[in-house]
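1. Give me coordinates for this.
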Amino acid sequence: MSPLQDKPPKATFLRTLQAVMWSFAGMRKGSASQEDMARLNPFHIIAVALGLVVVMVIGLIALVNWVVAQPSSLS
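-> Numbering: from 1, shown residues only. Purely as a prediction, here's the structure:
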């Protein structure tokens, strides 16, 4: 067996995105988490996580601005 066959294949961007999104939701199997630890690049995980945090914050700001701009029907 060659040394190249010992390493697990590197994960794609989509796999990294999927792993980070599952982590955000807090629902992850232990076996899948261990597999991801072996395959994913930590720098890619950090970059994807920061990008998703920015998207989430912008989405929340947009949602709050939309709700505040709606006319109040409580009068």
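2. Go ahead and confirm Ile45 touches Val20.
-> Yes. Look at Ile45 against Val20 with Cβ atoms under 8 Å: they come within range, at 6.1 Å. Yep, even glycine has a C-beta here, placed from its N, CA and C like the rest.
3. ok, those two, which is more surrounded?
-> Counting neighbours by other Cβ atoms under 10 Å for Ile45 and for Val20 shows that Val20 has the greater number, 22 against 18.
4. In terms of pLDDT, where does the closest residue in space to that one that isn't next to it in sequence sit?
-> By the measure of Cβ to Cβ, 6 or more residues apart in numbering, the closest residue to Val20 outside its immediate chain neighbours is Val48, 4.7 Å from it. Here the pLDDT value assigned to Val48 is 92.
5. What of Pro8?
-> 67.
6. was I right about Asp36 contacting Val20?
-> No. Under the criterion of Cβ under 8 Å, Asp36 makes no contact with Val20, lying 9.4 Å away.
7. how about low-confidence regions in this structure?
-> For the chain, the stretches with pLDDT under 70 are 1-8, 74-75.
8. quick one: the helices in it?
-> Secondary structure of the chain (DSSP state H): helices at 3-6, 13-25, 30-39, 42-69.
9. Please indicate which of the ones you listed has the most neighbours on average?
-> Of all those, helix 13-25 has the most neighbours on average by mean count of other Cβ atoms under 10 Å, namely a mean of 15.
10. And the contacts of that helix?
-> Ala11, Arg28, Ala32, Asp36, Arg39, Leu40, Asn41, His44, Ile45, Val48, Ala49, Leu52 (Cβ atoms under 8 Å, 6 or more residues apart in numbering).
11. quick one: that helix to helix 30-39, angle?
-> 130 degrees (axes from the mean of the first three to the mean of the last three Cα atoms, to 10 degrees).
12. what's the spacing between helix 13-25 and its chain's center?
-> A distance of 4 Å separates the centroid of the chain from that of helix 13-25, by Cα atoms, centre = their mean, to the nearest Å.
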